[in-house]
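Participant: What would the 3D arrangement of this be:
(one chain, ligands or ions: 1)
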Amino acid sequence: MNDAAILGRPLFDTPITRLFGIRHPILCGGLMWLADARYVAAAVNAGGMGFITARTFPDLDVFRDELRRCAELTQGKPFGVNLFISGRPEENAVLDRYIDVLAEEGVRFIETAGNTPEAYLPRLKQAGCKVIHKVSAVRHGLRAEKAGVDALAIVGQECGGHPGLQFVGTMVQGALAARQFRVPFALGGGIGCGQQLVAALGLGADAVVLGSRMTVATEIWAHEDYKRKVLETGEGDSRLVMASFRNTYRCLDNAAARAVAELEAAGERDFARYLPHVRGTNAKAAYTTGDWEQGILSMGQSAAFADAIKPVAEIFAEILWDATAARDRFDGLRPQAAAADTAAIASSAAAGGR
Ligand SMILES: Cc1cc2nc3c(=O)[nH]c(=O)nc-3n(C[C@H](O)[C@H](O)[C@H](O)COP(=O)(O)O)c2cc1C
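Facilitator: Down below sits the predicted model:
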C-alpha cells in the first residue's frame, strides 16, 4: 500500500470523524499567523480537519478572501475557523464581525479556544456551526459542555501555545476527560506520531489535535530558517514563559523567551517592560524573515517528531502508517496461552463440560 492508499481509506471511525465528516481523526488546531487557507486546505484534502486562525486576518475583507481561497482549494469540502476568545473583553469586540463573515461564507466548523465560548454559541448555532472548544483543564471543558458545545479538545502541558496554569500532562488529561466529558473530545499536547494517535484513542479520545508537529509542513508559509530551527528542536528544548501573568506560553527557547524569563525571575510586574519581547507582531516578523530569535513563538515538545520539511499529506500518511503498526502491536500482545485457554474452555463447554 502507498501513501495515497493509506490516506484514502479510513482507519478509524469515531464520533469526531462523523461530526466533521472526515476520513481521519486528525485535527490541525489554529496556529496564529500560520494557519491560512493553503495549510488548512492541505489538512482537509489529506482527510483531516483544519482551522483558519481568524485573528491572523484583522482586515475582514482579507479574512473573507482567505475563506474563499480555502473553499476553492478544498473544492468545496468543509473546513474550519479558529476563534480565540481573549480574557480581555475589549479584544473580543471583533469576534462578532468574524462570525458575520464566516456565516455568510458558509463555514460550518469552529474551534474556539481561550475563554469560555458561552457568549458566542447562540450566534454560531444559529449559523449552523458545529463548535469544538479547546481547553487546558477538565473543569473548563465541563463548563463549555454545559454551555452546549458539540465537542471538546483538551491539551496537556506538553503543548505548544497555552498549556494553562495547572500543567497537567496529556496522558492524565486524556484519561480524566474520557471519564468526565459526555461530548466527543480530541486530545492534544505533545502528539506527533501514530503510536500516540492510537494511545489517545485507547484513552478514550475521539481524535487528536496537532500544532507543533505541523509547523514544518511545506504548506506553512513561514521562512525556511524558522522551519530548520524547529527541525533542530528536541522534546526538551521548549520553554514556559508568562506564568507569572497567569497567561503561560510554551514556546521556542529563543532570545525573546529568555529575556522574558529573566524579567519574570527578577520579579518584574510591569507589563510594559515585557511588551517589546511579547508583541504578537514580533512573531509575525520572525516567521516572515526567518529570524527565530525574536517573538514568543509557540512550540511544544512534539517538535521532536518533526524530521523534515514535507507536505501535510506526507505527515498524515506517516502518522497513519505508525498508527497501523501500533494497532498491530496490540494484536501481537494478546497472550497466546490465554487464547489457547479460551479455545479449550469454549470447546469443553460445547462438549457439555464446565
Ligand atoms: C505556532 C503555534 C501557534 C498556535 N496558535 C494558536 C492559536 O492562535 N489559537 C489556538 O487556539 N491555538 C493555537 N495553538 C495551539 C494549537 O492549535 C494546538 O492546540 C497545540 O499546538 C497542540 O499541541 P502540540 O503543539 O503539542 O501539538 C498554536 C500552536 C502553535 C505551535
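Participant: Could you find the residue in the stretch 1-150 of the chain that comes nearest to the ligand?
Facilitator: Of all residues in the stretch 1-150 of the chain, the one sitting closest to the ligand is Gly29 (2.3 Å; CB to the nearest ligand atom). The way it works is simple: take the backbone N, C-alpha and C, and place the C-beta from them, glycine included.
Participant: go on, the stretch 101-250 of the chain?
Facilitator: Gly211 (1.8 Å).
Participant: and that residue, how many neighbours?
Facilitator: 26 (other CB atoms under 10 Å).
Participant: Can you give me the buried ones in stretch 57-68?
Facilitator: Phe57, Phe63, Arg64, Glu66, Leu67 (16 or more other CB atoms under 10 Å).
Participant: Could I have the CA atoms of stretch 76-86 written out in CSV?
Facilitator: Extracted in CSV, the C-alpha atoms of stretch 76-86 (Å, rounded to 0.1, in the frame of the first residue of the first chain):
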residue,chain,number,x,y,z
GLY,A,76,-16.0,22.9,-1.7
LYS,A,77,-15.1,20.4,1.1
PRO,A,78,-15.9,21.9,4.5
PHE,A,79,-13.1,23.4,6.6
GLY,A,80,-12.9,25.3,9.9
VAL,A,81,-12.1,28.6,11.5
ASN,A,82,-10.4,29.2,14.9
LEU,A,83,-11.8,31.9,17.1
PHE,A,84,-9.5,32.8,20.1
ILE,A,85,-11.6,34.3,22.9
SER,A,86,-9.4,36.7,24.9
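Participant: buried stuff in it?
Facilitator: Across stretch 76-86, burial judged by 16+ other CB under 10 Å covers Pro78, Phe79, Gly80, Val81, Asn82, Leu83, Phe84, Ile85.
Participant: returning to what we had before: ok, the residue of the stretch 1-150 of the chain closest to the ligand - how many residues close by?
Facilitator: Gly29 has 28 nearby residues by other CB under 10 Å.
Participant: do the same with the one 4 residues further on
Facilitator: Using other CB under 10 Å, the number of residues around Trp33 comes to 23.
Participant: Is it in contact with Pro58, as I believe?
Facilitator: No. Using CB atoms under 8 Å, Trp33 is not in contact with Pro58; the gap is 11.4 Å.
Participant: Just the pLDDT at Ala340, thanks.
Facilitator: Ala340 carries a pLDDT value of 66.
Participant: Same question for the one 10 residues further on.
Facilitator: As summarised for this prediction, Ala350 has a pLDDT of 63.
Participant: before we move on, what about Ala304?
Facilitator: So, for Ala304, pLDDT stands at 98.
Participant: before we move on, what about Gln336?
Facilitator: 80.
Participant: where's it relative to Trp292, distance?
Facilitator: 51 Å (CB to CB, to the nearest Å).
Participant: quick one, which of the two is more surrounded?
Facilitator: Set Gln336 next to Trp292 and count neighbours by other CB under 10 Å: Trp292 wins out with 24 against 8.
Participant: What strand or helix carries the nearest residue to that one once chain neighbours are set aside?
Facilitator: Leaving out its chain neighbours, the residue that sits closest to Trp292 by CB to CB, 6 or more residues apart in numbering is Lys229, at 4.5 Å. Per DSSP states H and E, Lys229 falls inside helix 224-232.
Participant: Can you give me the buried ones in that helix?
Facilitator: Tyr226, Lys227, Lys229, Val230.
Participant: now that helix, how far from the chain's geometric center?
Facilitator: 20 Å (CA atoms, centre = their mean, to the nearest Å).
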